[in-house]
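**Q** predicted model follows, preceded by the sequence.
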Amino acid sequence: MFTNAQRQVERTGRSGTPRDQYLQDLVTQFQNATDEETKEKIVANLANFAYDPFNYAFMRQLNVLELFLDCITEPNERLIEFGIGGVCNSCVDPSNASVIVQCGGIPLVIQCLSSPVRNTVTYALGALYYLCNPSTKKEILKPDVVRIIREYAAAGAVNTSFSNMANAFLEEHVDS
């Protein structure tokens, strides 16, 4: 459920941790973590916060979007999955999308289309749907990328999620 300031005060209570501080604590824990499993859990948690517009400004202030992009460059498939999930959840917001694009996120998202992890591919398709606009179309709608997306669109019997996401992308950005 989406949050607003009033609801957040009600949920946090007098002695609770304010959302911005809680997110800062998660970022600090990630930065100090030494084992992969802890990092995975923290990034998954941050990605879950990334869907709520209440958190968008905090995510930008704390450089969480950049953290998600950094995770996509890791060799750990779970960090990649949760990183692209965070990108997908947050890029619905134009300000977040702008940060992702400015930080070189489009090639990283495109690279996720070839992941062996289904969720990673689904999140990449969703992120590209929201990142594609007049200023990014040239970078996103390259022939190889469109070919891959068309292949996913044709894979309805194999994977309905891929097919639905890919068809939505094609209808909105290619075939319209």
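**A** Looks like it came in fine.
**Q** which of the helices or strands spans the residue sitting nearest the centre point of the chain?
**A** With distances taken as Cα atoms, centre = their mean, Val87 lies nearest the centre of the chain, 1.6 Å away. Secondary structure assignment for Val87, by DSSP states H and E: helix 77-90.
**Q** mind checking what helix or strand follows the helix or strand of the chain with the lowest mean pLDDT in sequence?
**A** Of all helical and strand segments in the chain, the minimum by mean pLDDT, DSSP states H and E falls on helix 5-12, at a mean of 52. Once the chain leaves helix 5-12, the next helix or strand it forms, by DSSP H and E, is helix 19-32.
**Q** if we can go back for a sec, now the residue nearest to the centre of the chain: how far from Asn48?
**A** 13 Å (Cβ to Cβ, to the nearest Å). In short, each C-beta sits where N, CA and C put it, glycine included.
**Q** could you do Ser114 as well?
**A** 25 Å.
**Q** neighbour count for these two, which is higher?
**A** Higher neighbour count among Ser114 and Asn48: Asn48, with 14 against 10, using other Cβ atoms under 10 Å.
**Q** got the contact list for that one?
**A** Asn89 (Cβ atoms under 8 Å, 6 or more residues apart in numbering).
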